[in-house]
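Novice: Need a 3D model of the sequence below.
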Amino acid sequence: MCWTKRHRADHGDVRVGGVSDAEVFDTMKITNLTIETRKVDPKPNPQADALQELPGSGSVTVRVEVEDGTVGEGGASFGRIAGGPDALAAVIEHELKPIAVGSDVRYVAGIHRAMLVETEYHGSAGLGMFGIAAVDTALWDCLGKSLGVPCWQLWGRMNDRIRAYAMVGWLNFDDGEVQEVCARAVGQGFKAVKIKVGYETLKQDIARVEMVRKAVGDDVGIMVDANQSLTAAEAVRRGRAFEAMGCVWWEEPIAADDIDGYAELTRSLDIPVATGENLYTAADFARFLKREAVDIVQPDLRRGGGPTALLQVGRMAEAFRRPYASHGGGPVQLNVMACLGNAMYLETGMIPEGSPMRLDGDGFVNVPEGTGFSWE
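Specialist: The predicted structure follows:
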């Protein structure tokens, strides 16, 4: 019997984790799931990459509560798409909440699988996956807090700290602005920065990298990201130039689903080719890894499908001897990367004043010690 049919047979009421009246062992039954949407006015001067502007449109926060009163939190933010928060809230309310409420929070992986089955009709990408990620994050956070431990303790810790880089050099920043923000990142303690490229000409891209190099010095790594804006042939041409300039990696230069193109890039270039922020589920990453179409995997928490899926991606990539560099940062990715032997870089921006995130003298961030996904 295939696993989808087996799920339907075993969990006809879609609840997961042994909550029938006949059972005698204790449960950690999920008693409620609430959804909060937050909308924001678009930024007047939005950040931009080679593909799009990102004015921001809000976020969704999911909270799950179990019988002992413990509450776990997850969510998803939107860089664009004005109706995103409302649409995502509807998916969670009508498709995912009925699975979670009444289930045992200790069966997070089973609930994750049940959510995949429930959303299979409209595919394994888009808002369905954003919703699964938000609920999955809330479930793990709740389980960790219920047990009084960080989530990394549930998965098996390998690392005490993770190297971080600052994504600060947006394409629409003028020359002075990009130099200033990269220099400030180095002043905060970052040993690597990422900038957007993908201008009309290679000459412009080269000038941008040279400008940043002058601002940060010779000992700071520079990553370059073209956000799917180039053809494979042009990506090879520009990749060779960035390779000669000593850039750390060449990120998502062509369409995210062009697996043939990425295989060509990895064969043609010595600079590592990084991609993955727009791939959905571990299955997408499996296809890229089997084709040797990626050198560095970059899963996104939302599109990847939550911590359950990110752990699958990370461990699979490790089996293929490929490093894991997060798309986006924060305590969830840090907890995941704490448990991966191939953890390479945590992505973050400038660290705001008052943030619990701290860089040490080597440019690393310590793994959070708080319960669930809490910092402290």
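Novice: you'd agree residue 183 is in a helix?
Specialist: Yes - assessed with DSSP: H, G, I helix; E, B strand; the rest coil, residue 183 lies in a helix.
Novice: Spatially nearest residue to it (excluding sequence neighbours)?
Specialist: Leaving out its chain neighbours, the residue that sits closest to residue 183 by Cβ to Cβ, 6 or more residues apart in numbering is residue 215, at 4.7 Å. Heads up, the C-betas are built off the backbone N, CA and C, glycines and all.
Novice: Just list the residues touching the one you found, thanks.
Specialist: 178, 179, 180, 182, 183 (Cβ atoms under 8 Å, 6 or more residues apart in numbering).
Novice: thought residue 170 was touching residue 194?
Specialist: No - applying Cβ atoms under 8 Å, one finds residue 170 not in contact with residue 194, separated by 10.1 Å.
Novice: more crowded one of the two?
Specialist: residue 194 (27 against 17; other Cβ atoms under 10 Å).
Novice: Does the more buried one lie in a helix or a strand, and which?
Specialist: strand 192-196 (DSSP states H and E).
Novice: same for that strand, what does it pack against?
Specialist: In this structure, strand 192-196 makes packing contacts with strand 161-169, helix 175-188, helix 202-216, strand 221-225, judged by 3 or more Cβ pairs under 8 Å, 6 or more residues apart in numbering; DSSP states H and E.
Novice: what is the rounded mean pLDDT of the last one?
Specialist: Predicted confidence along strand 221-225 averages 98 (mean pLDDT).
Novice: Need the CA coordinates for the helix or strand just after it. PDB is fine.
Specialist: Downstream of strand 221-225, the next assigned helix or strand under DSSP H and E is helix 232-244. C-alpha atoms of helix 232-244 as PDB (Å, rounded to 0.1, in the frame of the first residue of the first chain):
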ATOM      1  CA  ALA A 232      22.800  29.500 -18.800                       C
ATOM      2  CA  ALA A 233      25.400  30.600 -21.300                       C
ATOM      3  CA  GLU A 234      25.600  34.100 -19.800                       C
ATOM      4  CA  ALA A 235      25.800  32.600 -16.300                       C
ATOM      5  CA  VAL A 236      28.800  30.600 -17.300                       C
ATOM      6  CA  ARG A 237      30.500  33.600 -18.800                       C
ATOM      7  CA  ARG A 238      29.900  35.800 -15.700                       C
ATOM      8  CA  GLY A 239      30.600  32.900 -13.400                       C
ATOM      9  CA  ARG A 240      34.100  32.600 -14.800                       C
ATOM     10  CA  ALA A 241      34.700  36.300 -14.100                       C
ATOM     11  CA  PHE A 242      33.500  36.000 -10.500                       C
ATOM     12  CA  GLU A 243      35.600  32.900 -10.200                       C
ATOM     13  CA  ALA A 244      38.700  34.900 -11.200                       C
END
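Novice: List the buried residues of helix 232-244.
Specialist: Neighbour-count burial for helix 232-244, counted by 16 or more other Cβ atoms under 10 Å, picks out 232, 235, 236, 238, 239, 240, 241, 242.
Novice: what's it in contact with?
Specialist: 197, 202, 205-206, 209, 224, 226, 230, 250, 253-254, 258, 260-261, 264-265, 268-271, 273.
Novice: please redo it, this time with the cut-off set to 10 Å
Specialist: 197-199, 201-203, 205-206, 209, 222-224, 226, 228-231, 247-250, 252-255, 258, 260-265, 267-273 (Cβ atoms under 10 Å, 6 or more residues apart in numbering).
Novice: Give the PyMOL command for selecting the buried subset of those.
Specialist: In PyMOL syntax, the buried subset of those is picked out as below (16+ other Cβ under 10 Å):
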select buried, resi 197+198+199+202+205+206+209+222+223+224+226+228+229+230+247+248+249+250+252+253+254+258+261+262+263+264+265+269+271+272+273
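Novice: Next secondary structure after the helix or strand of the chain with the lowest mean pLDDT?
Specialist: One helix or strand of the chain scores below all others by mean pLDDT, DSSP states H and E: helix 3-10, with a mean of 40. Following helix 3-10 in sequence order, the next helix or strand is strand 30-39 (DSSP H and E).
Novice: residues in contact with residue 65?
Specialist: Residue 65 neighbours (Cβ under 10 Å, 6+ apart): 29, 30, 31, 32, 33, 34, 71, 72, 101, 105, 138, 142.
Novice: switch to 6 Å and redo it
Specialist: 31, 32, 71 (Cβ atoms under 6 Å, 6 or more residues apart in numbering).
Novice: secondary structure element for it?
Specialist: strand 58-66.
Novice: Residue 313 too?
Specialist: Under the criterion of DSSP H and E, residue 313 resides in helix 307-319.
Novice: Can you list the neighbours in contact with that helix?
Specialist: Applying Cβ under 6 Å, 6+ apart, the contact partners of helix 307-319 are 109, 112, 136, 140, 281-282, 285, 297, 299, 304, 324, 336, 340-342.
Novice: Out of the buried residues of helix 232-244, flag the one nearest to residue 160.
Specialist: Nearest to residue 160 among the buried residues of helix 232-244 is residue 242, at 32.0 Å by Cβ to Cβ.
Novice: pLDDT wise, what is residue 79 at?
Specialist: 71.
Novice: repeat for residue 53
Specialist: On pLDDT, residue 53 comes in at 67.
Novice: What about the residue nearest to residue 157 when sequence neighbours are not counted, how many residues nearby?
Specialist: Excluding the flanking residues, the one nearest residue 157 by Cβ to Cβ, 6+ apart is residue 338, at 5.1 Å. Neighbour count for residue 338, taken as other Cβ under 10 Å: 23.
Novice: so where's the stretch 1-150 of the chain uncertain?
Specialist: 1-26, 44, 47-56, 80-82 (pLDDT under 70).
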